[in-house]
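**Q** Starting from these lines, generate the structure:
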Amino acid sequence: MGLSVEYAERGAVWTRRARWFLPLMAAGGVTMSFTAPLEVLYGRELSRSSVYIGIFMLTSAVGVILIDVFGTRLVPGLDARVALTAGLSLFGVSSIGMGLAPDDLLLMASRVVQGFGGGMMLGAGLQAAVRVHPVPGDTPRALGRFNAAFLFGGAVGSPGGLLLAGLISGKAGYQIAFVVTGVCALGAAVVLAFALPSLKPPPGMPRPRLGLPRFGRSTGGGAALVLAMSGEFLRGGVLFTALPLAGAARQYPTVAIAVGIALMSGSEIAVLTVAYRIIRRVGVVAVLLTAFALGAVCATVLALTSDLTVYLAMSVLLGVSLAGATASLPVLVVAQVGDSSAGLAKFRISAGIGVLAGTVGCAVLGTLTGMAALFWLIAIVLLGSVQLTHFVGRRVGVA
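**A** As a prediction, the model looks like this:
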């Protein structure tokens, strides 16, 4: 009897601590998104060279991809609480480094470490989401709750960095924003380490180790990976690169750019609250088709006009498009792989490549060719994603 009572008490404590997961993921979203939209603007402030801006954006994306690829057998095998704490701590230290770096070498090194931290945080967050309440068949709901919490934080944090940087002209405003981000990230990491319960990997998971991923073959898996890249291309290329870069190039006020980012993030959160119910009714493929098609229409409109009111309106609709991709793609990859840990790790690889293509490609092309050409390219990529969605739906028979 005493042993049963002890186990019951431990379970109650674990449940109470697990309730902190979603609020802490929202805090992580705030810190990791606070300076994300202004990074390309900071690179543009340091140099108008497309090569420099490309390298600046590339360094962080490389860090994310290295974690996503070589950490696919490391992150899933770790206690998710440990991985989350480590990732957020790395992100915080590197953000402070970006703000205080006296030269380009230390700045770029900090960017790489920032990518390491961001990749570990995002990968571990997905793993933690399905471990906090490990109910068989409930992976879509678990991922939905994590995405909604993290992106709610992102909606709060994304315009904040732009507004803070806009208070002080020149480099100093950006540098202060990076330091504030780093301090907040380290504080969130400390709270996370003490508040969350242990989130160990499921039984049978291999011991954590660095190395290239080993995934069994799955029908349509390659096409699903490319689709997952498209979703992160939409986030990294449009939300964190094209929209703020277009605002700067078209000489919108900083407040207007911040409002555009906030509108996009806010509409994404609003749609995510109902997205999983819609997926259960109409299916993953139908939601993806609508999301990519809407994104292509918005990009086309932004290529044709530079009107500020239209910019803000398209920001709202792009948030709707991004919500559809965010809700559908992790579920699609997991469903095809058949195992949540392997599926989420596979999704993170494709996500890292999508971030690389989105942030670096859009930053370089936007600087070289102008914003109209960049938005035409985004529209073409998203139309290609529509066709690929049709292919995946026919090949694997997903509704």
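
**Q** Off-centre distance for stretch 244-255?
**A** Taking Cα atoms, centre = their mean, to the nearest Å, the mean C-alpha location of stretch 244-255 is offset from the chain mean by 22 Å.

**Q** Name the residues of that stretch that come out as buried.
**A** For stretch 244-255, burial by neighbour count (16 or more other Cβ atoms under 10 Å) applies to 244-248, 252, 254. Just so you know, the C-beta spots here come from the backbone N, C-alpha and C atoms, and that holds for glycine as well.

**Q** Go through these and flag which are in helices.
**A** Members of those lying in helices (criterion: DSSP state H): 244-248, 254.

**Q** Pick the one among the residues you listed closest to E45.
**A** A248 (9.2 Å; Cβ to Cβ).

**Q** Any idea how many residues pack against the nearest residue to L243 once chain neighbours are set aside?
**A** Excluding the flanking residues, the one nearest L243 by Cβ to Cβ, 6 or more residues apart in numbering is G260, at 5.8 Å. By the criterion of other Cβ atoms under 10 Å, G260 has 28 neighbours.

**Q** G260 and S315, how far apart?
**A** Distance, G260 to S315, using Cβ to Cβ, to the nearest Å: 4 Å.

**Q** Overlap in contacts, these two.
**A** Here G260 and S315 have L243 as joint contacts, going by Cβ atoms under 8 Å, 6 or more residues apart in numbering.

**Q** Nearest to L164, out of the buried residues of stretch 244-255: which one, please.
**A** L164 has its nearest neighbour among the buried residues of stretch 244-255 in T254, at 10.1 Å by Cβ to Cβ.

**Q** and the residue nearest to L243, what pLDDT?
**A** Here the pLDDT value assigned to G260 is 90.

**Q** wait, what's in contact with it?
**A** 243, 247, 252, 311-312, 315.

**Q** change it to 6 Å
**A** G260 sits next to 243, 311-312, 315 when contact means Cβ atoms under 6 Å, 6 or more residues apart in numbering.

**Q** Of all pairs in these, which one is the farthest apart?
**A** Greatest spatial distance in the contacts of G260: L243 and L312, 10.2 Å, computed using Cβ to Cβ.

**Q** which one of these two has more residues nearby?
**A** Remark: of L243 and L312, L243 carries more neighbours, 26 against 16, as counted by other Cβ under 10 Å.

**Q** quick one: that one from R235, how far?
**A** 11 Å.

**Q** follow-up on the earlier one: where does the residue nearest to L243 fall, secondary structure wise?
**A** For G260, the element it lies in under DSSP states H and E is helix 254-282.

**Q** Skip ahead from that helix and say which helix or strand is next.
**A** Moving toward the C-terminus from helix 254-282, the next helix or strand (DSSP H and E) is helix 284-304.

**Q** In that following helix, which residues are buried?
**A** Neighbour-count burial for helix 284-304 flags 284-303 (criterion: 16+ other Cβ under 10 Å).

**Q** after it, next one along is what?
**A** Next along from helix 284-304, by DSSP H and E: helix 308-337.

**Q** And that following helix, what does it pack against?
**A** helix 139-167, helix 221-233, helix 254-282, helix 284-304, helix 340-356 (3 or more Cβ pairs under 6 Å, 6 or more residues apart in numbering; DSSP states H and E).

**Q** How far does stretch 106-121 sit from its chain's centre?
**A** The chain centroid and the centroid of stretch 106-121 are separated by 14 Å under Cα atoms, centre = their mean.

**Q** Pull it out as PDB, backbone CA atoms only.
**A** This file holds the C-alpha atoms of stretch 106-121, laid out as PDB (Å, rounded to 0.1, in the frame of the first residue of the first chain):
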ATOM      1  CA  LEU A 106      33.200  36.400 -33.800                       C
ATOM      2  CA  LEU A 107      29.800  37.500 -35.300                       C
ATOM      3  CA  MET A 108      29.700  34.700 -37.800                       C
ATOM      4  CA  ALA A 109      30.900  32.200 -35.100                       C
ATOM      5  CA  SER A 110      28.000  33.300 -32.900                       C
ATOM      6  CA  ARG A 111      25.600  32.800 -35.800                       C
ATOM      7  CA  VAL A 112      26.700  29.200 -36.200                       C
ATOM      8  CA  VAL A 113      26.300  28.500 -32.500                       C
ATOM      9  CA  GLN A 114      22.900  30.200 -32.600                       C
ATOM     10  CA  GLY A 115      22.000  27.700 -35.300                       C
ATOM     11  CA  PHE A 116      23.200  24.800 -33.100                       C
ATOM     12  CA  GLY A 117      21.000  26.000 -30.300                       C
ATOM     13  CA  GLY A 118      17.900  26.700 -32.500                       C
ATOM     14  CA  GLY A 119      18.200  23.300 -34.200                       C
ATOM     15  CA  MET A 120      18.500  21.500 -30.800                       C
ATOM     16  CA  MET A 121      15.600  23.500 -29.300                       C
END
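
**Q** Pull the residues that contact that stretch.
**A** With Cβ under 6 Å, 6+ apart as the test, stretch 106-121 has contacts from 59-60, 63-64, 67-68, 83, 87-88, 90-91, 94, 97-98, 101.

**Q** Could you do stretch 233-241 as well?
**A** Stretch 233-241 is contacted by residues 36-37, 40, 264, 295, 318, 322, 325, 354-355, 357-359, 362-363 when judged by Cβ under 6 Å, 6+ apart.

**Q** averaged over its residues, what pLDDT does it have?
**A** 80.

**Q** swap in stretch 38-54?
**A** In this model, stretch 38-54 has a mean pLDDT of 89.

**Q** Roughly how far does the residue lying closest to A325 once chain neighbours are set aside sit from G354?
**A** Nearest residue to A325 in three dimensions, chain neighbours excluded: G231, at 3.8 Å (Cβ to Cβ, 6+ apart). Distance check for G231 against G354: by Cβ to Cβ, it reads 6 Å.

**Q** before we move on, what SS does V75 have?
**A** Here V75 is recorded as coil under DSSP: H, G, I helix; E, B strand; the rest coil.
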